[in-house]
Structure formats: C-alpha cells, structure tokens
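Engineer: prediction below, plus the sequence it came from.
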Amino acid sequence: MTKTKPSTTEQIPKRILPLIIISQFCCTSLWFAGNGVMDDLIQVYHLDASVLSFLTSSVQFGFIIGTFVFAIFTIADRYSPSKVFMISAILAAVFNLGLVLKGQTLTILLILRFLTGFFLAGIYPVGMKIATDYYNQGLGKALGFLVGALVLGTAFPHLLSTVTEELPWETVIYTTSLLSVLGGLLIVIFVPNGPFRKSSSKIDFSILSKLFKDKAFKAASFGYFGHMWELYAFWAFTPLMIKTYNTLHPEAQLNIALISFLVIGSGCLSCCLSGIISKYKGTKTSAFYILLASGICCLLSPLSFYINFEVAFIVFLIFWGMVVVADSPLFSTLIANNTAPETKGSALTIVNCIGFSITIVSIQTLGYLQTVINPSFIYLALALGPILGLIALKNERTKV
C-alpha cells in the first residue's frame, strides 16, 4: 500500500519540530565552544591574544569546505538526512573534545576547530533540510524556530563559561560535546525521513550552475550573503565590543561572558518572532526591513561606545543581536521556496557554503581593522553586507 503524504503540517506529529529544535541547539553549541573558553586556551597553550579571529575563522573554514563537499556530492539529498545529521554530530563532538588534550600547538588547535566546523556542515543545513521535508506549509515559521535554536546553541558556551566559572575550563568542552552526541541520537531515533522528502539518485556536479541560473534564487542568495557578511563577525566580536566599552568606561565593569550570551542569545527570540511575522507581512518584505535595521545598527555602532550609560549600551547591543540574525530563517525560506524539492538540501548547503566563506573575510577584516584604527569604528565595515543585500532584494522578484 502506498503511503499518502500529508497535505498540511497538521498531520505531522507535534513532537517533530521540538525534537529538531532541541537537536539543533545541542549540536550547534559546538560552534563557539572555543570562543567560550578563549581566555583559558590562550593561557593554557601560551597563545597570542590575536588568535581569536584565527580560531573562529578555522571553524568557519571547516564549515565551508564541509558544505562544499556535502553539496557537490548531494549527500543530504541522496542519503537519509537523519543519519547524516547523527554521524556528523558524533564526529563533530569528537573533534571538539580534542581541545582538552594537553600540550597542543596552535596548528593542532586550528585543525581541531576546522574538523569541528567541517562536520557542523552535516548539522545546520541538514537540520534545515529535515525541516523542509516535514513542513511544506509554514516553512518560514518552522525555520524561524530552527535558526533560533542555532542562535541559542551559538550563545550557550558563553553562558556555560559564566555558570562554570569556578570549575575547570574543560567543563565547557565536555558539556558541549555531550550535548552534540545527544542531539544526533535524538534525530536518528525519533525523527525519520520526512513525508515531503524527494531523494536524488545520483551525484550532480552541475548543481551549482543550475541553481544560480534562476534569477529569483540568485536574488534570495545574494540577500543572504549580505546578511552573512555582518552576522558571524558581529557574534565573534561581541565580547570585544563589551571589552572596548569597559576600557572606555572603567566604572562599568560589564560581565563580558554573561552580556555576550544575552546579546547573541536574544537572536533566538527574534528568529522565532520573524518566522511568525513573515506569515502576515510576507517573507521577502520582512527580511528586507530586518536587514535594513541591522544595517542601521552598523552605522550607529561608533556612537554606542561613547554613551556613558551602560544600560543603554547593553540595550543597543541586544537589539542589534536580535535584528542581525532575525532575517536568517527568512532568507533560508526564500532559498528553499525558489528551488526544486529534490535539490533543496544541496541548495541550502551550497548557499551556506558561500555565505560562510564570506564570514571569514568579514571576520579577518575586523581582525585587521582593530590593529590599525580605533576599535569603536571598525564595525562600520559590517554595513557593507546589509547594503548589498538590500540592493539584491530590491532588484529581483522572489517567491514569498
């Protein structure tokens, strides 16, 4: 007997989305695990303070190579996404755990972060692929919650670092690795292949050129690329922003790890809200105005450091932390809606690959700028991404 595919999301078991969300949160806690213990890594392994941008970029670079491999070999479309997710989660956890091994050089640390990033490519975009296989309708809302889980997972190591301040720094690494294994097992055991999944039977090395021939897909992708120029550089340098404010205002003494968690974690709420808002205002329109708001924050950033009122500075950073990522699920929805069902996994993965390539450039740009100009002004450079993204969205029609 042929299994009938549900026509609406109402027939999807209610446990599916929460399980995907929990798994995504657990696994993506690996992303900034190194950043959460950065000061300890610098001290234990006798590193220079400038390694922040290199260790962060090595994760991004690993993710880029991983997404490229996953996309070119159409892994998420040819094999069970749940199994791909589980295997990637376990391998990423293993390489993350390698940080606690004693007597390592910077080269080994960079390789470990690279390999963690490589297998994160089988978690984040594959998690979105699993969601698209279940939610043919209401995809924007589903991806909003899913990216919200990514954001909270990204911020979580900063909270762990604060909570476990009296414990060995390795606690953060052990915890995030354990969470990743748990997330992978939850997916493979409780989230089978979705009813809307269409598998691809062969490797298609022409997938990249085929996708970008579609003008609507290209417009959605370029909007996403502009968003990515800003996003991870903002996240990576959030602790430095707070440290800069403390330097300019010695009386403030803001808790860097805790405020970093609040700023980055606030994006979890905004992603959930943006997915809901998009149902009423349209996905493209919502993405446009959220990207505009984050671009304005970039331009106002120099002024924020000279506000002699720490509450106002924190509120500004939290607002920026909300709008900098709230459009991410909306761009993913636009990308998914503007490609064929059998290539959605590869489309989401290859766009992630290019987007994260851009994050390396922006992170390294900020890393360089902080050595040559006043750190209060370096975040103006992030406005370039939103400006170009807005132009791409304005000039092309996409499916909302």
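Structural biologist: Cool, the structure landed.

Engineer: how much space between Pro250 and Ile378?
Structural biologist: Look at Pro250 and Ile378: by Cβ to Cβ, to the nearest Å, they are 21 Å apart. (Glycine included, C-beta is placed from N, CA and C.)

Engineer: tell me how many other residues surround Leu380.
Structural biologist: When neighbours are counted by other Cβ atoms under 10 Å, Leu380 registers 15.

Engineer: so who does it touch?
Structural biologist: Contact analysis of Leu380 by Cβ atoms under 8 Å, 6 or more residues apart in numbering lists Cys298, Leu299, Ser301, Pro302.

Engineer: just the buried ones among those, please.
Structural biologist: Among the contacts of Leu380, those classed as buried by 16 or more other Cβ atoms under 10 Å are Cys298, Ser301.

Engineer: dump the contacts of Leu380 to CSV, plus distance to Lys281, pLDDT and secondary structure.
Structural biologist: Converted to CSV, these look like this (distance: Cβ to Cβ, whole Å; pLDDT from 0 to 100; DSSP: H, G, I helix; E, B strand; the rest coil):
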residue, distance to Lys281, pLDDT, secondary structure
Cys298, 23, 97, helix
Leu299, 24, 97, helix
Ser301, 27, 96, helix
Pro302, 31, 96, helix
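
Engineer: what's Leu300 in contact with, if anything?
Structural biologist: Residues in contact with Leu300, defined by Cβ under 8 Å, 6+ apart, are Phe316.

Engineer: ok, 10 Å please
Structural biologist: Residues in contact with Leu300 (Cβ atoms under 10 Å, 6 or more residues apart in numbering) are Phe316, Trp320, Tyr379, Leu380, Ala383.

Engineer: follow-up on the earlier one: in a markdown table: the contacts of Leu380, plus distance to Tyr124.
Structural biologist: Output for these, formatted as a markdown table (distance: Cβ to Cβ, whole Å):
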| residue | distance to Tyr124 |
| --- | --- |
| Cys298 | 24 |
| Leu299 | 29 |
| Ser301 | 27 |
| Pro302 | 32 |
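
Engineer: nearest to Gly345 among the contacts of Leu380?
Structural biologist: Here the nearest of those to Gly345, counting by Cβ to Cβ, is Cys298; it sits at 32.2 Å.

Engineer: ok, and the closest non-adjacent residue to that closest one?
Structural biologist: Nearest non-adjacent residue to Cys298, counting by Cβ to Cβ, 6 or more residues apart in numbering: Ala383, 3.7 Å away.

Engineer: by mean pLDDT, flag the weakest helix or strand of this structure.
Structural biologist: For the chain, the helix or strand with the lowest mean confidence is helix 207-211, at a mean of 67 (criterion: mean pLDDT, DSSP states H and E).

Engineer: now the closest residue to Leu106 other than its chain neighbours: which helix or strand?
Structural biologist: Sequence neighbours aside, Leu47 is the residue nearest to Leu106 in space, at 5.9 Å (criterion: Cβ to Cβ, 6+ apart). Using DSSP states H and E, Leu47 sits in no helix or strand.

Engineer: which stretches in the stretch 1-150 of the chain count as helices?
Structural biologist: 16-28, 33-36, 38-44, 51-72, 75-78, 81-97, 106-120, 124-134, 139-163 (DSSP state H, counting those that start in this stretch).

Engineer: buried set for the helix or strand hosting Leu292?
Structural biologist: Using DSSP H and E, Leu292 sits in helix 283-304. Using 16+ other Cβ under 10 Å as the test for burial, helix 283-304 gives 283-284, 286-288, 290-295, 297-298, 301, 304.

Engineer: and what of stretch 151-167?
Structural biologist: 151-162, 164.

Engineer: wait, what's in contact with the residue nearest to Leu106?
Structural biologist: Counted by Cβ under 10 Å, 6+ apart, Leu47 has contacts Met38, Leu41, Phe54, Leu55, Thr105, Leu106, Leu109.

Engineer: just curious, which of the residues you listed is nearest to Leu273?
Structural biologist: Nearest member of the contacts of Leu47 to Leu273, counting by Cβ to Cβ, is Met38, at 30.4 Å.

Engineer: ok, that closest one - contacts?
Structural biologist: With Cβ under 10 Å, 6+ apart, Met38 has these contacts: Phe32, Leu47, Ala49, Val51, Leu52, Leu55, Thr56, Pro157, Ser161, Trp169, Pro239.

Engineer: I'd assumed Tyr124 was in contact with Ala76.
Structural biologist: No. Shown here, Ala76 and Tyr124 do not form a contact pair, counting by Cβ atoms under 10 Å, at 11.1 Å.
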